[in-house]
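In: sequence first, predicted model second:
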Amino acid sequence: MIVTQMKISLKLKNVGYAVPRRTLSNGARIPVVGMGTFGSDKYSPETVAAAVVEAAKLGYRHFDCASVYGNEPQVGASLQQVMAAGVRREDLWITSKVWNDMHGEGEVIASCKQSLQDLGLDYLDLYLVHWPFPNFHPKGCSVDFHNPNAKPYIHDAYMRTWAQMEELHRMGLVRTIGTSNMTIPKMRLLLRDCSVKPAVNEMEIHPHFQQAELYDYMVDNAIQPIGFCPIGSPSRPARDRTPQDTSEMEEPVILKIAARLGVHPAVVCIMWAVKRGGVTIPFAVKPDQLASNLKAAVEIPLTPEDMRAIAGIDKGCRLVKGQVFVWREELSWEALWDLDGVIRQ
Ligand SMILES: NC(=O)c1ccc[n+]([C@@H]2O[C@H](COP(=O)([O-])OP(=O)(O)OC[C@H]3O[C@@H](n4cnc5c(N)ncnc54)[C@H](OP(=O)(O)O)[C@@H]3O)[C@@H](O)[C@H]2O)c1
């Protein structure tokens, strides 16, 4: 569905795609595809910020930001440019996240206010607790870095963080609140004890890491899954790779569908994510990639047979393992993910 001549006067092309939205449990409507803004080591804040403008020209309205990405001031300047060019604030969906070093009393609110200032906004559409741990690490550290102050999940502490999320919601500074990198046992406790329910959970989802049980748990509890690394993060830095990792870009089932449809395998991953019912936030700075990712969320020629074939290639391949967050040096990253259904201490 190509919408010609959007009513904005951004200098390059005034052509874009009208992105479908999903209605969340609180009635808010989130575009099914958003642009990820984590440039990692590869793309500077300026490059990501330029891509935000390009993305908006193409029709993106949803941008997935976070204070830890280190580029909210630059992304914010681009959002100002986009709005000055005629895109209405109410048509944008801007997400940000509180980083792990700001879980303390009052700090969540301070962090949100800082993100609002950096992004040049007076409210966020969505604010997430980035990780359920207060553990952090220096930027660019190696995967075997261990912070001696790291802690396991402590539910009371998480609820103190969540209470500040609820306060931000009451203050009107954020319209929707949600979680990220949660597990079923942790989410059960949050749902039991919260006043305002999370409306979304941002989680790793790609064809080799489908997280079906967690995904279904979220859907059953009216929590919309937002999938990160939808393409399997093919450009992540070497320090975030392990020899066991697999890649959708070399997956025969994906390659076969991509060849039949005449699209890049990345595009098949995005089509699958949206057709499955998710919201997806691929990262791209290259205009052709941005355009094809947006189109993939709008025009989805995948057949039920394609969907079944992709459902069959899950390899349980988690890419964002979170090893730098473990609280005892002898633990492996699996301890973060409550694999046997019990929150590990
Ligand atoms: N909540 C969390 O904890 C969390 C964790 C991780 C990520 N995220 C969010 O999720 C977003 C996406 O994750 P990600 O960047 O790691 O992984 P991704 O979206 O799976 O992969 C992005 C990379 O895929 C390539 N690509 C994108 N579109 C393409 C296309 N149409 N054709 C071919 N290649 C394409 C690009 O590589 P090249 O640039 O090399 O061409 C791009 O850098 C992040 O930006 C961030 O906003 C959230």
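Out: Now that the structure is in, tell me what you want to look at. Residues are numbered from 1 along each chain as shown.

In: use CA for all of it now, contacts and neighbours both
Out: Fine.

In: and stretch 258-272, what's buried?
Out: For stretch 258-272, burial by neighbour count (16 or more other C-alpha atoms under 10 Å) applies to 258, 264, 265, 266, 267, 268, 269, 270, 271, 272.

In: start and end of it, how far apart?
Out: The straight-line separation of the ends of stretch 258-272 (C-alpha to C-alpha, to the nearest Å) is 12 Å.

In: name the nearest residue to the residue sitting nearest the centre point of the chain, sequence neighbours excluded.
Out: Among the residues of the chain, the one closest to the centroid is residue 228, at 4.4 Å (C-alpha atoms, centre = their mean). Spatially, and ignoring its direct neighbours in sequence, residue 228 is nearest to residue 204 (4.7 Å; C-alpha to C-alpha, 6 or more residues apart in numbering).

In: since we're on residue 122, how many residues are nearby?
Out: 13 (other C-alpha atoms under 10 Å).

In: just checking, it touches residue 112?
Out: No. The criterion here is C-alpha atoms under 8 Å, and residue 122 misses it with residue 112 at 10.5 Å.

In: circling back to that earlier point, the residue nearest to the centre of the chain and the ligand, how far apart?
Out: To the ligand, residue 228 is 4 Å away according to C-alpha to the nearest ligand atom, to the nearest Å.

In: residue 83 now?
Out: Taking C-alpha to the nearest ligand atom, one finds residue 83 at 21 Å from the ligand.

In: show me which residues of whatever helix or strand that residue lives in are buried.
Out: Residue 83 belongs to helix 72-84 when elements are defined using DSSP states H and E. Under the neighbour-count criterion of 16+ other C-alpha under 10 Å, helix 72-84 has 72, 73, 74, 75, 76, 77, 78, 79, 80, 82, 83 buried.

In: the helix or strand that that helix is followed by packs against which elements?
Out: Next helix or strand after helix 72-84 toward the C-terminus (DSSP H and E): strand 93-98. Helices and strands touching strand 93-98, as assessed by 3 or more C-alpha pairs under 8 Å, 6 or more residues apart in numbering; DSSP states H and E, comprise strand 62-64, helix 107-119, strand 124-129.

In: pairing partners for strand 93-98, with directions?
Out: Strand 93-98 pairs in its sheet with strand 62-64 (parallel), strand 124-129 (parallel), by DSSP bridges.

In: tell me how far the shortest one lies from the chain's centre.
Out: To tie it back to what came earlier, the one meant is strand 62-64. Relative to its parent chain, strand 62-64 has a centroid offset of 8 Å by C-alpha atoms, centre = their mean, to the nearest Å.

In: residue numbers of the stretch 201-345 of the chain in contact with the ligand?
Out: Counting by C-alpha under 6 Å from any ligand atom, the positions of the stretch 201-345 of the chain adjacent to the ligand are 202, 228-235, 264, 266-267, 281-284, 289, 292-293.

In: switch the cut-off to 8 Å
Out: Applying C-alpha under 8 Å from any ligand atom, we find that the stretch 201-345 of the chain lies next to the ligand at 202-204, 206, 227-236, 264-267, 281-286, 288-293, 320.

In: list buried residues within these.
Out: Counted by 16+ other C-alpha under 10 Å, those give 202-204, 206, 227-233, 236, 264-267, 281-285, 289-293, 320 as buried.

In: looking at these, which are in helices?
Out: Using DSSP state H, the subset of these located in helices is 265, 266, 267, 289, 290, 291, 292, 293.

In: show me the contacts for the third one.
Out: The one in question is residue 267. Residue 267 is in contact with 258, 292, 293, 296, counting by C-alpha atoms under 8 Å, 6 or more residues apart in numbering.

In: what's the pLDDT at the second one?
Out: In the prediction, the pLDDT value recorded for residue 292 is 97.

In: what residues does the stretch 1-150 of the chain have near the ligand?
Out: So the stretch 1-150 of the chain meets the ligand at 35-40, 42, 63-66, 130-131 (C-alpha under 8 Å from any ligand atom).
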